[in-house]
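Asker: dropping a prediction and its sequence here:
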Amino acid sequence: MQSARYAGPPLFARGHNRRTLVLWAAIPLVVGIGIGVLIGGNLRPSSSVSTGTFPTSPNEPAQLEYTDMPCDPGSSVLVLHSLEGSMQTSDVKVLLDYETMWVKHRESANPALSGQTALLTRRDDVCDAIVPEDSRFTQFVWIGPFPSDVAPSLCEALLKVTWKNCIPAQVVR
């Protein structure tokens with residue numbers, strides 16, 4: 001019969017070996033954080049050359065392009081947003097970019113959406129039939145024009161609620 005021998009404290013409880021174990025556990029952690037920082041983009045390139053993807057100055061305001069709304073008989077536009085004048089220019093730009101992206105994403109649902117982009121028009125440049133009585137609304141985000149008989153189906157193709165967040169407005173009444 002063999003007797004059991006005492007082998008000393010467990011490996012993790014030994015002073016020297018415990019430090020070694022902590023060191024080996026910390027190395028992957030530090031490497032993982034370093035890779036995460038690199039992937040996450042928190043390290044900016046030191047180059048001062050502009051690639052054209054960022055504005056040259058962070059304080060440069062966003063520029064909006066306004067378009068006159070076409071007012072041809074028998075056509076409609078889809079009014080997606082009626083905006084108040086107090087809305088920030090950068091927020092309007094984000095809204096236009098989002099709606100353009102959404103139209104491009106949904107153009108396979110209806111070929112009439114192909115090539116459409118969200119446009120912005122000032123209150124003075126919209127068709128008379130579309131101007132709301134409420135004077136708070138000074139800008140309108142819309143797409144079109146489309147034949148009036150097709151416009152309501154385009155709201156459905158965009159997964160929007162007709163007459164709520166997508167108004168198929170006839171430009172001439």
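Answerer: Perfect, thanks for sending it.

Asker: where does pLDDT dip in this structure?
Answerer: Along the chain, segments meeting pLDDT under 70 span 1-62, 173.

Asker: now do the same end-to-end measure for stretch 108-119.
Answerer: Its start and end residues considered, stretch 108-119 measures 20 Å (CA to CA, to the nearest Å).

Asker: now do the contacts for residue 123.
Answerer: For residue 123, the set of contacting residues under the criterion of CB atoms under 8 Å, 6 or more residues apart in numbering consists of 131, 135, 137, 138, 139, 140. C-beta here means a position set from N, CA and C on the backbone, and glycine is covered the same way.

Asker: which residues in the chain form strands?
Answerer: 75-84, 119-122, 137-147, 167-170 (DSSP state E).

Asker: domain-wise, how is the protein divided?
Answerer: Following the assignment in automatic domain parsing, the chain carries domains at 11-40, 75-170.

Asker: with distance to residue 66 as added columns, please give those domains in a markdown table.
Answerer: Rendered in a markdown table, the data for these read as follows (distance: least, CB to CB, whole Å):
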| stretch | distance to residue 66 |
| --- | --- |
| domain 11-40 | 37 |
| domain 75-170 | 5 |
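
Asker: and the gap between residue 164 and residue 129?
Answerer: Taken as CB to CB, to the nearest Å, the spacing of residue 164 relative to residue 129 amounts to 19 Å.

Asker: you'd agree residue 85 is up against residue 138?
Answerer: Yes. Judged on CB atoms under 8 Å, residue 85 makes contact with residue 138 at a distance of 4.0 Å.

Asker: pick out whichever of these two has more residues nearby.
Answerer: Counted by other CB atoms under 10 Å, residue 85 and residue 138 do not tie: residue 138 has more neighbours, with 14 against 11.

Asker: list the residues that contact the more buried one.
Answerer: Residue 138 makes contact with 83, 84, 85, 122, 123, according to CB under 8 Å, 6+ apart.

Asker: which among the residues you listed gets closest to residue 76?
Answerer: The shortest approach to residue 76 among these belongs to residue 123, at 18.7 Å (CB to CB).
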